[in-house]
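Colleague: I need the structure of the sequence given here:
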Amino acid sequence: KHFPITINVLKEENKVEIKNFIGCKEKILVDILPGVTAIKNEKNPEGEIWFEGNDKQAVSQNCSLVNQSCNVGEKDKRKFLDGIYTSE
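Modeller: Below you'll find the predicted structure:
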């Protein structure tokens with residue numbers, strides 16, 4: 001069964017909010033690091049967030065924090081494909 005994941009950028013709180021991950025009711029909040037901005041992709045607002053900034057390490061760290069916050073744990077990653085993925 002598929003649970004659609006919703007991702008929002010909370011600019012006032014400087015956080016990324018992840019809802020309905022694996023059907024969970026609680027929200028996952030990830031802080032946006034200083035010097036990094038998170039932007040929803042206008043062409044694909046449901047499924048893509050871009051992180052931008054001058055410090056390559058801070059941007060990479062922010063992407064990693066979001067990715068790690070949605071770890072599926074003991075499930076087989078070959079069969080369980082729901083999640084958040086990073087790409088360049």
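Colleague: for this protein, what spans make up the strands?
Modeller: Counting by DSSP state E, the chain forms strands over residues 6-10, 15-19, 28-31, 36-40, 49-53, given from the N-terminal end onward.
Colleague: of all those, which one comes closest to residue 60?
Modeller: Residue 60 sits nearest to strand 49-53 of all those, at 8.6 Å, using C-beta to C-beta. To be clear about C-beta, it is placed using only N, CA and C from the backbone, and glycine gets the same treatment.
Colleague: so what touches that closest one?
Modeller: Contacts made with strand 49-53 from outside it, assessed by C-beta atoms under 8 Å, 6 or more residues apart in numbering, are listed as 7, 9, 16, 35-41, 59, 62-63, 66.
Colleague: returning to what we had before: would CSV of the strands of the chain with distance to residue 71 be doable?
Modeller: Below are the strands of the chain laid out as CSV (distance: least, C-beta to C-beta, whole Å):
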stretch, distance to residue 71
strand 6-10, 16
strand 15-19, 12
strand 28-31, 11
strand 36-40, 20
strand 49-53, 18
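Colleague: JSON lines for the ones you listed, including mean pLDDT and mean neighbour count?
Modeller: Supplementary listing: the strands of the chain in JSON lines, determined by pLDDT from 0 to 100; neighbours: other C-beta atoms under 10 Å:
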{"stretch": "strand 6-10", "mean pLDDT": "86", "mean neighbour count": "16"}
{"stretch": "strand 15-19", "mean pLDDT": "89", "mean neighbour count": "18"}
{"stretch": "strand 28-31", "mean pLDDT": "92", "mean neighbour count": "16"}
{"stretch": "strand 36-40", "mean pLDDT": "89", "mean neighbour count": "17"}
{"stretch": "strand 49-53", "mean pLDDT": "89", "mean neighbour count": "16"}
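Colleague: ok, which of the ones you listed comes nearest residue 73?
Modeller: Distances from residue 73 to each of the strands of the chain were compared using C-beta to C-beta; the minimum, 13.9 Å, belongs to strand 28-31.
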